[in-house]
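# the sequence isn't on hand, but the structure is:
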């Protein structure tokens, strides 16, 4: 298509009476083609990125819904983090607003000794609860980190209707993964709400 348009330019040049204007006249048309092509690629990339995210959100929602019947909500959250985000070191803390306490509800791949300091509410996990906002290691100043947070990647606050249910702590990532990516952050936003809803549902079961 680009070649065809460039080839049609001499007729237009003749109308303007330019003998040497072929290259000059072709540049705007070629530049416009490149601009449109770049715009198309940008739109395609956006659609592909959204499709990739929607696939992961769909898989996560299916697993959470299954857990409501199976009664394994905590395990389901761990599966989602392992398979869709890339970490096999996960812990879920329940939060009691009455006394503002944290307790370990479930963990996988993390030693219990590494979890106990987090129940004190110091550091990232405390900020997540106090601010109601998830905290990420790469967004924290080094001076704000405690020694027991060396291997902590994220503290995702789990809340439903502004009620904080708990915190999802993600520790080390898989060896092939260096850091959280945009799709991981978006998926964690999904878990922030719907993992909390699933936990509340499970708590109401006899």
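Ah, there it is. Note that the structure is predicted; figures quoted are calculated from it, not measured. Numbering: from 1, shown residues only.
# any idea where the strands of the protein begin and end?
90-96, 101-108, 135-136, 154-160, 163-170 (DSSP state E).
# could I get the average pLDDT for the third one?
In other words, strand 135-136. If you average the pLDDT over strand 135-136, you get 96.
# before we move on, the earlier item: got the strands of the chain as CSV, with distance to residue 37 columns?
C-beta coordinates here come from the backbone N, C-alpha and C atoms, glycine included. Shown next, in CSV, are the strands of the chain (distance: least, Cβ to Cβ, whole Å):
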stretch, distance to residue 37
strand 90-96, 43
strand 101-108, 47
strand 135-136, 36
strand 154-160, 38
strand 163-170, 40
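# got a markdown table for these, with distance to residue 47 and mean neighbour count too?
Listed next are the strands of the chain as a markdown table, based on distance: least, Cβ to Cβ, whole Å; neighbours: other Cβ atoms under 10 Å:
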| stretch | distance to residue 47 | mean neighbour count |
| --- | --- | --- |
| strand 90-96 | 31 | 21 |
| strand 101-108 | 35 | 16 |
| strand 135-136 | 27 | 21 |
| strand 154-160 | 27 | 24 |
| strand 163-170 | 29 | 23 |
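# so which of those strands gets nearest residue 122?
Among the strands of the chain, strand 101-108 comes nearest to residue 122, with 10.3 Å by Cβ to Cβ.
# now do the contacts for the closest residue to residue 123 other than its chain neighbours.
Distances taken as Cβ to Cβ, 6 or more residues apart in numbering place residue 146 nearest to residue 123, at 4.4 Å, with adjacent residues excluded. By Cβ atoms under 8 Å, 6 or more residues apart in numbering, the contact set of residue 146 is 117, 122-123.
# quick one on the thing from earlier: among the strands of the chain, which comes closest to residue 199?
strand 163-170 (5.2 Å).
# just want the angle from that closest one to strand 154-160.
160 degrees (axes from the mean of the first three to the mean of the last three Cα atoms, to 10 degrees).
# now strand 163-170 and strand 101-108, what's the angle there?
Using the same axes, to 10 degrees: strand 163-170 against strand 101-108 is 40 degrees.
# pull the residues that contact strand 163-170.
77, 81, 85, 87, 89-95, 97, 102, 105, 115, 118, 125, 128-129, 132, 152-159, 188, 191, 195-196, 199-200.
# and that strand, which strands flank it?
strand 90-96 (antiparallel), strand 154-160 (antiparallel) (DSSP bridges).
# kind regards, and thank you for your time.
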